[in-house]
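> Provided below for reference: sequence and predicted model.
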Amino acid sequence: MPKQSSHAAAQPQGIEPHPGQESGQASELVGPLEPGAAVRARRAITAVFFVNGLLLAGYIVRIPSLKADLELTSSQLGVILTFFGVSALLTMQFVGRLVARFGSVHLIRLTLGRLPLALCGVGLADDAVQLSLALIVMGTVHGTLDVAMNGHAVVVERLRQRPIMNGCHAAWSVSAVVGSLVGAAVLRVGVSPAGHLLWAGGVLLPVGLAASAWLLPASADRESGPADVPEPSRVSGRGGWSGRVLERLPRAPRRRRRPPMATGGTPEPARRLPARHGPGRARPGHPAGRRPPKHPARHRTWRPPVGGGTKFRLAAPATGGCESAGNAGPTSTKPS
């Protein structure tokens, strides 16, 4: 029997290479899993998406109340809300390295326990500065959790060999709707933003930690050594996701060159082109694959209506026999 390679021998049964990767790099999962571990991990990561959507919906639904309680103008509120997105976007550029070093499950448990606390900090803010700092912390934690939970969902998807990302994001969407409805009911009762966000953070904190207990081990997506997984290449000296996206962009198709001239200055015979470039046949006076113009130009002579011997020679499209009586005859070359 043929001897298996070290990568193939270390690969557990039931995991197939991901499209575009070699069998040795398909999965960094070390050691066999317990029966049903992939199913439990699929439910756990879906619950993580659900909790994340509830936390964000609780914050978003209280933005008008925060503006009224802190007496912020529309411009001040717009600048303060920008801190959340900017901090999350900047954090996402470095989470990939943390996942490769420590594993996504550790980051999920760490951030899922900090995100409810950051939400409570948003509710307890007394002025614009405190609200800005709380949103920066919350955006940083959310950016880390977002990348980590999506990366863990990809590992579970490869392990189960069936798509689960659509179900995870559907759970996030459903939780956002549920959180908005709960927030509307809380507003109807008249609960303050601090009380609402404190209760939401206190309830969802143990729920998220309990859901993360069934995730895959850290060895599922953690690098076991520098020789196992090659270091990702960079584009223009920039890391993060931007370099990888630029490397995977399709290249623009090259323009077709004109056929070279044969010996003696005459062009080579016309080649037959695909149907998308034209009719695909050469016509007299036209290159191969090029359709002749619909209205070929023809020279005509125009005579001024009143006296004078000046003639003008114009190029006009043919009108199919709609010539005037004065121009129907042949063109004269004698001066008038």
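Alright, I've got the coordinates. Residues are numbered from 1 along each chain as shown.
> so which residues of the stretch 101-250 of the chain form strands?
In the stretch 101-250 of the chain, no segments count as strands under DSSP state E, counting those that start in this stretch.
> any weak-confidence spans in it?
Applying pLDDT under 70 to the stretch 101-250 of the chain flags the ranges 224-250.
> show me what contacts I164?
Listed by CB atoms under 8 Å, 6 or more residues apart in numbering, the contact set of I164 reads 42, 45-46, 153, 156-157. C-beta coordinates here come from the backbone N, C-alpha and C atoms, glycine included.
> and of these, the nearest to L187?
L187 has its nearest neighbour among the contacts of I164 in T46, at 28.3 Å by CB to CB.
> helix, strand or coil: sort out the closest one for me.
For T46, the secondary structure call by DSSP: H, G, I helix; E, B strand; the rest coil comes out as helix.
> was I right to think it contacts G167?
Yes: with contacts defined as CB atoms under 8 Å, T46 counts as touching G167 at a distance of 6.2 Å.
> that older thread, looking at the contacts of I164, which is nearest T82?
A153 (28.2 Å).
> quick one on the thing from earlier: T46 and G167: who's more crowded?
Under the criterion of other CB atoms under 10 Å, the comparison of T46 against G167 puts T46 first, with 21 against 16.
> what sits against that one?
164, 167-168, 171.
> any chance of CSV for these, columns distance to L205?
Formatted as CSV, those follow (distance: CB to CB, whole Å):
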residue, distance to L205
I164, 25
G167, 24
C168, 21
A171, 19
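> S75: which of those is nearest?
A171 (35.8 Å).
> so how far is L135 from the closest one?
Distance of A171 to L135, given as CB to CB, to the nearest Å: 25 Å.
> can you check A128 too?
10 Å.
> try A125
Here A125 is placed at a distance of 9 Å from L135 (CB to CB).
> got it, and V48?
22 Å.
> which of these two has more residues huddled nearby?
V48 (28 against 25).
> tell me the contacts of that one?
108, 112, 149, 152, 208, 211-212, 215.
> between those residues, which is nearest Q93?
Distance to Q93 across the contacts of V48 (CB to CB) is lowest for M149, with 16.9 Å.
> and the closest residue to that closest one other than its chain neighbours, how far from G113?
Residue nearest to M149 in three dimensions, not counting chain neighbours: V48, with 5.1 Å by CB to CB, 6 or more residues apart in numbering. Note on V48: its distance to G113, by CB to CB, is 12 Å.
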